[in-house]
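> Kindly generate the corresponding structure for this input.
(one chain, ligands or ions: 1)
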Amino acid sequence: MAGPRIYRIAAIPADGVGKEVIAAGRRVLDALAGQSAAGRDEPRFGFDWTDFPWGSEYYAQHGLMMDPDGLQRLRNFDAIYFGAVGWENVPDHVSLWGLRLNITQNFDQWANVRPVTFLPGIESPLRKADRMPLDWVVVRENSEGEYAGLGGRNLSGRGPGNEVAVQTALFTEKGCERIIRFAFDLARTRTVRRVSSVTKSNAQQYGSVLWDDVFHRVAADYPDVQSESVLVDAMSARFVLHPEDLSVVVASNLFADILSDLGSALAGSLGLAASANLNPERRFPSMFEPVHGSAPDIAGRGICNPVGAILSGALMLEHLGLPAAARRLQGAVEAVTAAGCTTADVGGTADTEEVTDAVIEALKGCPGR
Ligand code: GGG
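Reported below is the predicted structural model:
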């Protein structure tokens, strides 16, 4: 009998609760792999983890968020499992650009997929969530837009109060087209085939209008998928008032970042939200991380919500070609939240370890569907 397929995963817990949730997610993924067996509807598999100590503590010792040759060291992994970045000893823009954006941009992880999932047993601030199924995906352009990193600060030599800063958003036809096509392709896999594109093209007459033009051109190639263009302010209201209309929401880097946080909060907590930073061409490893940040207020206390990291693990399984295992993991998480085993951010009394143990236990009763 052939041995299990071993996936090489780079683990970068980084800062704050990132360390706790990545440890939790790894325990769950290893338990799931341990259950994989011939006879299930997937091959046997396992994980070979390599830890990288990068982050703000590493910065305190080395003056860098990651090794200078870090990207080369990550290059040949099957995937990256990432925690969270940001701590008080490093300015946020230094830690973000030095680690998370260093990886997403240099590995051309241009599609950031952020499902908004309403889990059973989790209270949503939306009354509608009790009456109807809600479920949509935010697709974030992850390589350019407002995160292109173009601009500068100057003229401070003129004296106090005279400095200027320019921050330029970059919209390329190629960048717009690839993320918009990705969104339409994703919509074709969903029950409701609809793509909502979000811009601010009344005020942003260059970048947003180019995006809209590309969107309308690409939409013509997908006559089987409904499409609409919505301003970001209107879409914020739609998230709250008519979320049942949403299936795939595609937007630029900044708008989708903000909208996906809103979506996670509407689903109950940022601690629940999973994400995948994909290089769809697979020229580079893709990176899977919870949407939440390092949460310094609760870090180190063993009470953070591991669900976002665990469900990011499910997205990683899908990417690795293990959809049955991903479904089993999703089912186990749903069983645990439905049973009321949840952390304080969603009103529960369980700690990180108890939720993690409960997911591992639930896996035993969750067949691949
Ligand atoms: N796990 C997500 C994370 O670490 N986020 C930190 C953060 O500040 N992100 C801002 C961004 O990527 O736009």
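> Please make it C-alpha for all contacts and neighbour counts, starting now.
Fine.
> Just read off the phi/psi values of Ser252.
The phi and psi values for Ser252, taken as degrees, to the nearest 10, are phi -70, psi 170.
> same question, Gly86
The phi/psi pair for Gly86 (degrees, to the nearest 10) is phi 130, psi 120.
> What about it, how many residues nearby?
Around Gly86 sit 24 other residues, with neighbours defined as other Cα atoms under 10 Å.
> so how far is the ligand from it?
As judged by Cα to the nearest ligand atom, to the nearest Å, Gly86 and the ligand stand 6 Å apart.
> Who are the contact partners of that residue?
Neighbouring residues of Gly86 by Cα atoms under 8 Å, 6 or more residues apart in numbering: Asp15, Gly16, Gly55, Ser56, Asp92, Ser95, Leu96, Gly293, Ser294.
> By proximity to the ligand, which residue of the protein wins?
Distances between the chain and the ligand by Cα to the nearest ligand atom are smallest at Ala84, namely 3.2 Å.
> where in the stretch 251-369 of the chain is pLDDT low?
Low-confidence segments of the stretch 251-369 of the chain (pLDDT under 70): 367-369.
> could you pull out the helices for it?
Ranges of helices within the stretch 251-369 of the chain are 253-266, 307-319, 323-338, 352-363, based on DSSP state H, counting those that start in this stretch.
> Now render those helices as TSV, adding distance to Gly46 and mean neighbour count.
What follows is the helices of the stretch 251-369 of the chain, written out as TSV (distance: least, Cα to Cα, whole Å; neighbours: other Cα atoms under 10 Å):
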stretch	distance to Gly46	mean neighbour count
helix 253-266	30	21
helix 307-319	11	26
helix 323-338	12	22
helix 352-363	16	21
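> got JSON lines for the ones you listed, with distance to Ala344 too?
Formatted as JSON lines, the helices of the stretch 251-369 of the chain follow (distance: least, Cα to Cα, whole Å):
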{"stretch": "helix 253-266", "distance to Ala344": "14"}
{"stretch": "helix 307-319", "distance to Ala344": "12"}
{"stretch": "helix 323-338", "distance to Ala344": "12"}
{"stretch": "helix 352-363", "distance to Ala344": "10"}
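> Contact residues of this protein facing the ligand?
Gly83, Ala84, Val85, Asp257, Glu289, Pro290, Val291, His292, Gly293 (Cα under 6 Å from any ligand atom).
> residues in contact with Leu254?
Residues in contact with Leu254 (Cα under 8 Å, 6+ apart) are Gly145, Glu146, Tyr147.
> Excluding residues flanking it in the chain, which one is nearest the residue nearest the centre of the chain?
In the chain, the centroid-proximal residue (Cα atoms, centre = their mean) is Ser275; its distance is 1.9 Å. Counting by Cα to Cα, 6 or more residues apart in numbering, Ser275 lies nearest to Arg114, which is 4.7 Å off, once chain neighbours are set aside.
> surely that neighbour meets Leu278?
No. Look at Arg114 against Leu278 with Cα atoms under 8 Å: they stay out of range, at 11.0 Å.
> Give me the local confidence score for Ala37.
What the model reports for Ala37 is a pLDDT of 69.
> What of Asp41?
Note on Asp41: pLDDT of 67.
> do Ala2 as well
On pLDDT, Ala2 comes in at 75.
> show me what contacts the residue nearest to the centre of the chain?
The neighbours of Ser275, taking Cα under 8 Å, 6+ apart as the test, are Asn112, Val113, Arg114, Pro115, Phe288, Glu289, Pro290, Val291, Ser312, Leu315.
> quick one, the helix ranked longest in the chain and helix 323-338 angle?
Across the chain, the longest stretch assigned as helix under DSSP state H is helix 17-35. Angle, helix 17-35 to helix 323-338, by axes from the mean of the first three to the mean of the last three Cα atoms, to 10 degrees: 120 degrees.
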